[in-house]
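# Give me a 3D structure for the following:
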Amino acid sequence: MNYISVFFILLILSCQSPESSLTPEEIVDKAITYSGKSKLNTNELEFAFRDYNYKATPTCEGMRLERMSKDEPIKDVLFDGELKRYYKDSLVKLADTTTFNYFESVNSVHYFTQLPVRLKDDAVQLSDLGKEVIKDKTYHKLEVKFSENGGGVDFEDIYIYWIDAEDYSLDYLAYSFLVNGGGLRFRKAINRRTIDGVVFQDYENYKPKVKSKKLNEIGKMYENEELELLSLIENKAIKLTSITLDCN
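Just a heads-up that it's a prediction; the model follows:
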């Protein structure tokens with residue numbers, strides 16, 4: 001190899017964007033910085049979703065997640081991997097299957113509201129799927145799987161996140177699930193707004209018009225109008241309250 005060839009190789013390498021060498025963890029860190037969601041580690045989050053009010057409170061032992069009925073004195077509390085239901089502050093005994101369903105429901109609503117900071121959970125296993133263009137914008141495409149230890153009741157579910165390659169906003173996500181016969185869902189971020197320095201967004205929730213198991217192709221399915229709108233995921237009355245933790 002002559003000196004001219006070496007020169008051009010070095011020139012090409014020097015011109016490559018440092019963004020091309022980002023690890024999945026670094027991409028997630030940038031997405032969290034954009035969202036301001038790290039503030040949830042020191043703030044209590046309250047919001048309303050459909051028939052319930054929700055509250056997420058950081059504690060020294062982890063996040064305490066609550067769901068309160070708007071119509072009845074019923075409260076579900078998810079803490080330290082266990083769900084408890086209260087009626088007028090009295091503990092209610094639940095069947096195992098009912099507990100499982102409530103656990104899944106409470107955790108799911110809070111999970112999506114706290115994204116992308118939940119991508120730093122210990123059970124998360126990140127993989128880089130390269131880049132993909134959706135609606136003429138380039139995205140980092142990340143796959144998330146979960147370890148069985150700490151991955152919750154749905155640890156076998158698989159997620160894909162599309163993070164804008166320029167500003168690191170989380171614009172789309174999709175997931176496969178096994179319960180109730182299984183399926184795919186695709187969500188598009190809408191109504192993005194900033195509250196007390198934290199970015200929140202709602203979602204259009206889609207499913208394939210024809211049942212599919214090809215999660216990796218669902219971005220192309222969205223581009224090709226092969227998805228149908230299933231529902232809207234809208235969080236209202238969002239409120240952040242600063243708290244002080246003394247964990248020493």
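# which residues touch the longest strand seen in the chain?
In the chain, taking DSSP state E as the definition, the longest strand is strand 183-195. Contacts of strand 183-195 with the rest of the structure, by C-beta atoms under 8 Å, 6 or more residues apart in numbering, involve 36, 112, 169-177, 199-208, 211-215, 218-219, 221-222, 227, 230, 233-234, 238, 240. Quick note: C-beta positions are derived from backbone N, CA and C, even for glycine.
# go with 7 Å
Strand 183-195 has contacts (C-beta atoms under 7 Å, 6 or more residues apart in numbering) with 170-177, 199-208, 211-212, 215, 218, 222, 227, 233, 238, 240.
# Can I get the buried part of those residues as one PyMOL selection?
Under the burial definition 16 or more other C-beta atoms under 10 Å, those of these that qualify are selected in PyMOL by:
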select buried, resi 170+171+172+173+174+175+176+177+199+200+201+202+203+204+205+206+207+208+212+215+218+222+227+233+238+240
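# Sitting in strands, which of the contacts of strand 183-195 do you find?
Checked against DSSP E, the contacts of strand 183-195 include these in strands: 170-177, 199-208, 227, 233, 238, 240.
# coming back round to it: so the longest strand of the chain versus strand 198-208, what angle?
160 degrees (axes from the mean of the first three to the mean of the last three C-alpha atoms, to 10 degrees).
# And strand 183-195, what's buried?
Under the neighbour-count rule (16+ other C-beta under 10 Å), strand 183-195 has 184-189 buried.
# Return the distance of it from the chain's centre.
Averaging C-alpha coordinates over strand 183-195 and over its chain gives two centres that are 10 Å apart (C-alpha atoms, centre = their mean, to the nearest Å).
# Quick check: mean pLDDT of the longest helix along the chain?
When every helix of the chain is counted residue by residue (DSSP state H), the longest turns out to be helix 96-114. Mean per-residue pLDDT for helix 96-114: 95.
# try stretch 140-148
Averaged over stretch 140-148, pLDDT sits at 90.
# ditto for stretch 118-137
95.
# With stretch 221-228 instead?
Stretch 221-228 shows a mean pLDDT of 97 in the predicted model.
# So which bits of it are buried?
Going through stretch 221-228 with 16+ other C-beta under 10 Å, the ones that come out buried are 221-222, 227.
# same deal with stretch 54-69?
Those buried within stretch 54-69 under the rule 16+ other C-beta under 10 Å are 54-58, 63, 65-68.
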